[in-house]
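Undergrad: For reference, the sequence and a predicted model appear below.
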Amino acid sequence: MEFVFTSHSFEVWESWMLEGSLDECRLVNCRNSLAVLDVSIEILAIVGEDDGVTRWLE
């Protein structure tokens, strides 16, 4: 899974890769592998398979 973020100047695009499981993962910069962010991801909503409507998880 790849994510793209902009820097604070909005002139340089950075490319990041998500490593690990969603419980314990980290974002690693593709150009500088020493730039690592430990992150926690929580899924808040999902798209229904039958109707395609996004619903909040309880």
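TA: It's in.
Undergrad: switch to C-alpha atoms for all contacts and neighbour counts from now on
TA: Noted.
Undergrad: Quick check: residue 36 vs residue 18, distance?
TA: Distance of residue 36 to residue 18, computed by CA to CA, to the nearest Å: 10 Å.
Undergrad: who has more neighbours, these two?
TA: Taking other CA atoms under 10 Å, residue 36 and residue 18 do not tie; residue 18 has more neighbours (18 against 15).
Undergrad: all helices of the chain, in order?
TA: Taking DSSP state H as the criterion, the chain carries no helices.
Undergrad: where does it have low pLDDT?
TA: 1-13 (pLDDT under 70).
Undergrad: Which residue, neighbours along the chain excluded, lies closest to residue 24?
TA: Nearest non-adjacent residue to residue 24, counting by CA to CA, 6 or more residues apart in numbering: residue 40, 6.3 Å away.
Undergrad: What about the one you found, how many residues nearby?
TA: Neighbour count of residue 40, defined by other CA under 10 Å: 11.
Undergrad: give me every residue that touches it.
TA: Neighbouring residues of residue 40 by CA atoms under 8 Å, 6 or more residues apart in numbering: 22-26.
Undergrad: what's the closest of these to residue 53?
TA: Nearest to residue 53 among the contacts of residue 40: residue 22, at 23.2 Å, using CA to CA.
Undergrad: Please report the distance of that closest one from residue 43.
TA: Distance of residue 22 to residue 43, given as CA to CA: 9 Å.
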